[in-house]
Structures are given as structure tokens and as C-alpha cells.
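*Asks:* pasted the sequence and its predicted model underneath.
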Amino acid sequence: MASERIKLVAVLLVLGLCTVGWADFLAGLAKPHEGRSMRATSTYKLGPNPREWDGEPDPNSNRDNSNVLPGQTKVLMDVEGPGVITHIWMTFLGPEPHPWAKDGSANHQEMLLRIYWDGDERPGVEAPVGDFFANSFGRRSEVISLPVIVEDADSYNCFWHMPFRKSARVEVVNQSDKPISLLYYNIDWIKKDRIDEDTPYFYAQYRQEYPVEKGKDYVVLDTQGKGHYVGTVLSVRTRSPSWFGEGDEKIYIDGEAKASIWGTGTEDYFLSAWGLKMTSTPYFGVPYFDQWGIVGGHTSAYRWHITDPLVFNTGIKVTFEHFGWMSPDENPQYQSHSWNEREDDYSSVAFWYQTGRPTFAARAPRERTLPNLDRIIAARAFTDEEHHGQGQAQPQNLDVYPDGHLFYRPESDENAWAEIPFEVKKKEPKRLLLVLTQSYDYGRYQAYLNGVKLGSVMDLYNKEIATREFHLLDFWPEPGTYTLRLECVGKNPLSTGHYLGIESVRLRERRPRVTTYGHDIDKDWRKEPVLYN
């Protein structure tokens, strides 16, 4: 896998250099460069403040990292200009428990990156560390592009050039209730004698809407001034079934009332077609995409305008429509078509250069975690013999389930089953789903709810241990007791066993308009089970 990844990176970089003109890259190296290279680093230092950036490196120490406690701000760089930041690299432990952080650590969505230019009180860059590096939802994903590279999903690099005149301060704020553990960093910059008066500053700003506002396009950036727009990171969690991305990008240049740059669909703006899937290229990519068309699916995408910057003279407004396919029970006419205004959860980071200060009023809110949609019935509590057939059942912790799952080990498919009971107290629209484990020794299972067969057989075989949501039913359950039963019906020919892993049974919220329209409120799910997709 490592060699394949290295080959892929090499191919992508070659393609990128060919696209923009490899001769220009190499020719630039043969020209004189003004200034002096500098670095701010986490290298262990001697002196009264041994971990600060301005101390003397200790040749006898390898303690080149620091921990940032909850609520603390770590200054990575604070220098006087003129100068240009040319590269930022950082790494830190992931959120899962680790021998050096037994209770886990902050995830990168809870870490706020701020960069201040020339002593300005407002940061020119303000975004969660993850989102700035095209890693959304607090999940770690590999990114291989020209300005941003997150190799193996844990080394965070950016090569945006960031000029400043008087000073630059780079800081990370820990907004988690857990520490940032083992933070390493290098920030490379060139100290200059002068910066031309017309040189623009680099800006990046995060914003979110959970969910997007009805009747208004989602705004990524709205600023007055002169500059050029160079990139978008957009992240969407779906709150409705089906495809969210029919909405167009609409970009308004220099105060125009009607967008002169008007696209053909969300995936088209991100240079894909007929939907989105995980990919990573020099100019565009989808670092994270979990499942197509489900309620609660996650998609994050990046688009860098490197050879095609969007140039503006007095202002720019970058927006996205939030239209797409939707299930009929969310449509007032009970119809399914491609042009419905959806109410999904959006977040974004805009990247641009601009002379002077921007007028964009957005700021990164303190609470960025997506709101929980689920009532979770944890399966690990149901290991008693009354809840399973032949074989053994026990709780088990995995990397994908720090809080554990129910691990059921039948010897064959004969009389192999597991049941999870739950209670419903209020009649309201819900989606029933399972969070199941997949692995090399897992079987095939059929789901039943109170004896009613739901969906098709679920194949839990996978070459590696993974987790997946299996969506089963959209319904209005009456108050009462329910039992979700999984019966083994064999195994994939590649599987070595019939095992089953259940993290949870979940009842997921549907959008309020499902209740408002009430199309399915009187339908009997037992006679005709429905799953909208």
C-alpha cells in the first residue's frame, strides 16, 4: 500500500506540473531569490522558555513537541516583517486513546488555526485546523494536492504563500476539553527587505450553517475590495435521503446584482461529474465521502483556483444553491424530483488574496461539532443468552468503536441470530438503521423488525475491519416495544467465518417538514416497509 501511495503521489505531482507548465517551476529555481530563509519550529529549545520559538535548539534533546491544554492558545510563530510564509507543516496525535494520551486528544475540528497580519486585531486566517487542510468533520483523511498535502492523513502541509509587511503571528487555539497531544510544527518563511505596495494578503475564513437557511443560497465568501479567489473547501452532512448536489455555484463579481459566473451543479464546480466520490488530484478532490444517498451522509470536497483564480476589483460573493433530489415524504406534492430546496448541514473555508482588509463579517463559531441526529441503542449491553442464538457474545472494543460493540461468534449459520430490543414512546417519523462492523471473518445477515423482513441481505465481509451504516426503514413507529433481529443466512465465499459486530441500533431524525406534511403518518410499515433513497 505504501509503494502504491508513493507512485500515486508521484503521478499526481507530475500531472500537476505538466498542467501548469513544469518549465515555469524549474525555470523559477534558476532565478535569483531575494531575502533570507527563516523557520519557526517546535524543536526543543534551551533557555527560560524552552519550548518557545525564539530559544536556542538543544542538541541533546528530542523533545520537539508540546501539549496544549484545553482552553490554551499555542503561539507557533510571532515575527517581524517584511516577509512571506511559504510552508506550514504540523502533526499531532489523533483523538483516539494512545499510550502517550490514554484518555484521547483533541481532534482537528476542535483546534482553531489563526494567523494575524501586521498586528491586526482580527485574524486574516481563521479556520479549524482540519478544515483548513481540507480535512472536515473532525475526521482524518489523506489529501494530495498542490497547495495542501495531508500525507497518510496525519502530516498537515500547506504551501500557500502568505506575504506580510510588519508582522505575522500564527497560533492554534485548543477549544476541546482534551489536550492537543504531541504537537510538532515547522513554519518556513522568507524575510524580505520590502513587500511591494500592491501585494495582497492571504486570507482564509471558515463559516457554517447547521442547517442551511431556507430561501437563501449558502454564502462561502462576501467581501469588498480588490483581489482574487483561490480556493474552496465545502463540507455537507445530508439531512434528507438522495443526492444533495444539484445546486449551482453562483459567483457575483464587483457588486453585480445577478451572478455572472453561474455553474451547472455542485459536483461540476468541484470538477467531477455525475456525483462525487473519494479522489485526490492537484486542483480538486473529495477527501471524505462515506455513503451515497443516506440520511446523515458526509461529503467534503476541495477546489483550488490556482491557474484559474477568480479576479475581482471591488468585491466578490461566492455562494452555492442547496437544491437536489429528495424523498417524496419531504415534498409537499409527495413527488420525487431533482429540484427541491434541501436543508442539509453546510460548512466551508474560503481562500483568497486581497489588498487591505476584507469586509467579510463571518467568524468561526465555538461550537462546530455537527448536532446529534440519533437516538442510540448501544448493542454491547445485550450479550445475554436470551439475546442470541448458538455461539458466544461479548462486548469488544475496537479502534473504530472506542466505546465497544457487540461481538457475536457463531460457529455456523445454523441457529445463528442476535436481537436488540428497544422502546418507542412517541409516534414521530424516524429512520431505522444499524451501525455494523465489517471484517474478513463476518457473515451475511438478514434484518427483521418485530418479525417483518427489512431490506435485502447485508454482507458484512470486508478485507479489513471497518464500520458501515445499514439503513433499513423510514416509518412512523407507534409507541411500544420493538425487537431488531439479525439472522445469519450464510457468508461471503471470501469470508472465513459467520461473525457479527453490532455497534448500535439507531433511530435517526427526519426533517421537520416530514412531520408537517405527514404523508406517511397513517401508513402501516408492517404491510409495506419503505426506505427512501
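*Replies:* Done, it's in. Keep in mind the model is a prediction, meaning the values are calculated, not measured.
*Asks:* ok, which stretches of this protein are helices?
*Replies:* All helices of the chain, identified by DSSP state H, fall at 2-20, 22-29, 129-132, 266-269, 512-517.
*Asks:* give the contact list for Asp441.
*Replies:* By Cβ atoms under 8 Å, 6 or more residues apart in numbering, the residues touching Asp441 are Ser495, Thr496, Gly497, Tyr499. Every residue, glycine included, has its C-beta placed from N, CA and C.
*Asks:* can you give me the end-to-end span of stretch 504-521?
*Replies:* With Cα to Cα, to the nearest Å applied, stretch 504-521 spans 26 Å between its terminal residues.
*Asks:* please disregard the earlier target; I meant stretch 333-344.
*Replies:* Distance between the two ends of stretch 333-344: 20 Å, counting by Cα to Cα.
*Asks:* how far away from the center of its chain is that stretch?
*Replies:* On the basis of Cα atoms, centre = their mean, to the nearest Å, stretch 333-344 sits 25 Å off its chain's mean C-alpha point.
*Asks:* quick check: buried residues in it?
*Replies:* By 16 or more other Cβ atoms under 10 Å, the buried positions in stretch 333-344 come out as Ser336, Asn340, Arg342, Glu343, Asp344.
*Asks:* do stretch 280-295 as well
*Replies:* When neighbours are counted by 16+ other Cβ under 10 Å, the buried residues of stretch 280-295 are found to be 280-290, 293-295.
*Asks:* would you mind giving me the PyMOL syntax to select the buried ones in the contacts of Asp441?
*Replies:* Of the contacts of Asp441, the buried ones can be selected in PyMOL as follows, counting by 16+ other Cβ under 10 Å:
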select buried, resi 495+497+499
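*Asks:* tell me which of the contacts of Asp441 is nearest to Ala127?
*Replies:* Ranked by distance to Ala127 (Cβ to Cβ), the contacts of Asp441 are led by Tyr499 at 41.7 Å.
*Asks:* in this structure the closest one contacts Tyr440, no?
*Replies:* No. Contact between Tyr499 and Tyr440 fails when scored by Cβ atoms under 8 Å: they sit 9.5 Å apart.
*Asks:* tell me the two of the buried residues of stretch 280-295 that are most distant?
*Replies:* Longest distance between any two of the buried residues of stretch 280-295 is 33.5 Å, between Pro282 and Val295; criterion Cβ to Cβ.
*Asks:* what domains does the record give for the protein?
*Replies:* Taking automatic domain parsing as the reference, the chain has its domains at 1-32, 34-199, 200-366, 374-517.
*Asks:* give the contact list for the residue positioned nearest the centre of the chain.
*Replies:* Central residue of the chain (Cα atoms, centre = their mean): Ser136, 2.2 Å from the mean position. For Ser136, the contact set (Cβ under 8 Å, 6+ apart) comprises Gln109, Gly130, Val233, Ser235, Pro287, Tyr288, His298, Ser300, Ser347.
*Asks:* is there a quick ChimeraX command that grabs whichever of the residues you listed are buried?
*Replies:* The following ChimeraX line selects those of these that are buried, judged by 16+ other Cβ under 10 Å:
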select :109,130,233,235,287,288,298,300,347
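*Asks:* inside strands: which ones of the contacts of Ser136?
*Replies:* Per DSSP state E, strands hold the following members of the contacts of Ser136: Val233, Ser235, Pro287, Tyr288, His298, Ser300, Ser347.
*Asks:* which of the residues you listed sits closest to Ser155?
*Replies:* Checking the ones in strands among the contacts of Ser136 against Ser155 by Cβ to Cβ gives Pro287 as the nearest, at 14.1 Å.
*Asks:* isn't the closest one right up against Thr299?
*Replies:* No. With contact defined as Cβ under 8 Å, Pro287 and Thr299 do not form a contacting pair (9.7 Å).
*Asks:* what about stretch 109-124, start to end distance?
*Replies:* By Cα to Cα, the extent of stretch 109-124 from end to end equals 19 Å.
*Asks:* for stretch 412-419, that is, sorry about that
*Replies:* One end of stretch 412-419 to the other measures 17 Å (Cα to Cα).
*Asks:* may I see the buried residues of that stretch?
*Replies:* Buried residues in stretch 412-419 (16+ other Cβ under 10 Å): Asp413, Ala416, Trp417, Ala418, Glu419.
*Asks:* tell me how far it is from the chain's mean position?
*Replies:* Here the centre of stretch 412-419 is set off from its chain's centre by 37 Å, with Cα atoms, centre = their mean.
*Asks:* again, but for stretch 464-471
*Replies:* Remark: stretch 464-471 is offset 18 Å from the chain centroid, using Cα atoms, centre = their mean.
*Asks:* give me the residues contacting that stretch.
*Replies:* Residues from elsewhere that reach stretch 464-471, judged by Cβ under 8 Å, 6+ apart: 290-291, 294-296, 398-401, 431-440, 447, 455, 458, 503, 531, 533.
*Asks:* with only the CA atoms kept, save it in PDB.
*Replies:* Only the C-alpha atoms of stretch 464-471 are listed here, as PDB (Å, rounded to 0.1, in the frame of the first residue of the first chain):
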ATOM      1  CA  GLU A 464     -10.100  -5.100   6.800                       C
ATOM      2  CA  ILE A 465     -12.000  -4.100   9.900                       C
ATOM      3  CA  ALA A 466     -14.400  -1.300   9.000                       C
ATOM      4  CA  THR A 467     -17.700   0.200  10.200                       C
ATOM      5  CA  ARG A 468     -20.700   0.900   8.000                       C
ATOM      6  CA  GLU A 469     -24.300   2.100   8.400                       C
ATOM      7  CA  PHE A 470     -27.000  -0.100   7.000                       C
ATOM      8  CA  HIS A 471     -30.300   1.800   6.600                       C
END
